[in-house]
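Visitor: sequence? don't have it. structure:
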């Protein structure tokens, strides 16, 4: 039997799980459900359902593991659990701390996350200060991305959060951001 003919045979649920695990492990980055569906001869919806059921089992504490499957709206990713970071750093010889954002970058990120997509002018209006540097830092760290242009004179860039933002903050979607009462902060609630 050739490799090509093996691929056309229906896969058992266990074989699908092994393939899913191998693909997620090898990818190292978020994998779209659509692409997983292509690999497993499933629709994107079926692939998403399979990943979610597998993730529930895989992430269960009944069999503790050092890795986990993170779920997003349109993709998923296998990564190490945060509690093992010191061991990973030691094993890989990583000595530099590089994940800390300044308060201005965190403020800028919060404004974008809660109001996306937004322009730099909107961020600056909310914060009351120039936010060019904070936006460039967030772009460099892939926590935000350009999400088109606003259809007004000058066509300013719009910014929105990325899948990396969701991964870093342990969210599946921006709908999981904690609710905040803007009136307590001197702002006005959204209509």
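Guide: It's in. Please read these numbers as outputs of a predicted model, since none were measured by experiment.
Visitor: any idea how far residue 85 is from the spatially most central residue of the chain?
Guide: Computing the C-alpha centroid of the chain and ranking residues by C-alpha atoms, centre = their mean puts residue 163 first, at 2.7 Å. Going from residue 163 to residue 85 by C-beta to C-beta, to the nearest Å gives 20 Å. C-beta coordinates here come from the backbone N, C-alpha and C atoms, glycine included.
Visitor: ok so, going back, mind pulling up the pLDDT for the residue nearest to the centre of the chain?
Guide: Looking at residue 163, its pLDDT stands at 87.
Visitor: how far is stretch 159-167 from where the chain is centred?
Guide: 6 Å (C-alpha atoms, centre = their mean, to the nearest Å).
Visitor: quote the end-to-end distance of that stretch.
Guide: Start to finish, the residues bounding stretch 159-167 are 18 Å apart (C-alpha to C-alpha, to the nearest Å).
Visitor: show residues contacting that stretch.
Guide: 30, 70, 72, 75, 77, 79, 109, 112-113, 116-120, 123, 135, 138, 141-147, 171-174 (C-beta atoms under 8 Å, 6 or more residues apart in numbering).
Visitor: please redo it, this time with the cut-off set to 7 Å
Guide: Stretch 159-167 is contacted from outside by 30, 70, 72, 75, 77, 112-113, 116-118, 135, 142-147, 172-174, using C-beta atoms under 7 Å, 6 or more residues apart in numbering.
Visitor: so the residue lying closest to residue 46 once chain neighbours are set aside, which of the three states?
Guide: Nearest residue to residue 46, sequence neighbours excluded (C-beta to C-beta, 6 or more residues apart in numbering): residue 37, at 6.4 Å. With DSSP: H, G, I helix; E, B strand; the rest coil as the basis, residue 37 sits in helix.
Visitor: which parts of the protein belong to which domain?
Guide: With domains defined by automatic domain parsing, the chain comprises 3-92, 103-185.
Visitor: how far is the last one from where the chain is centred?
Guide: Domain 103-185 sits 15 Å away from the centroid of its parent chain (C-alpha atoms, centre = their mean).
Visitor: cool, and the first one?
Guide: When C-alpha coordinates are averaged (C-alpha atoms, centre = their mean), domain 3-92 and its chain have centres 15 Å apart.
Visitor: the helix-or-strand element of the chain with minimal mean pLDDT: what's the following helix or strand?
Guide: Ranked by mean pLDDT, DSSP states H and E, the weakest helix or strand in the chain is helix 3-8, scoring a mean of 51. Next helix or strand after helix 3-8 toward the C-terminus (DSSP states H and E): helix 13-27.
Visitor: show me what that next one is packed against.
Guide: Contact analysis of helix 13-27 by 3 or more C-beta pairs under 7 Å, 6 or more residues apart in numbering; DSSP states H and E lists helix 33-40, helix 44-58, strand 75-80 as its packing neighbours.
Visitor: so which bits of that helix are buried?
Guide: 16-17, 20, 24 (16 or more other C-beta atoms under 10 Å).
Visitor: ok, these vs residue 41, which is closest?
Guide: Taking C-beta to C-beta as the measure, residue 41 lies nearest residue 16 of the buried residues of helix 13-27, at 9.3 Å.
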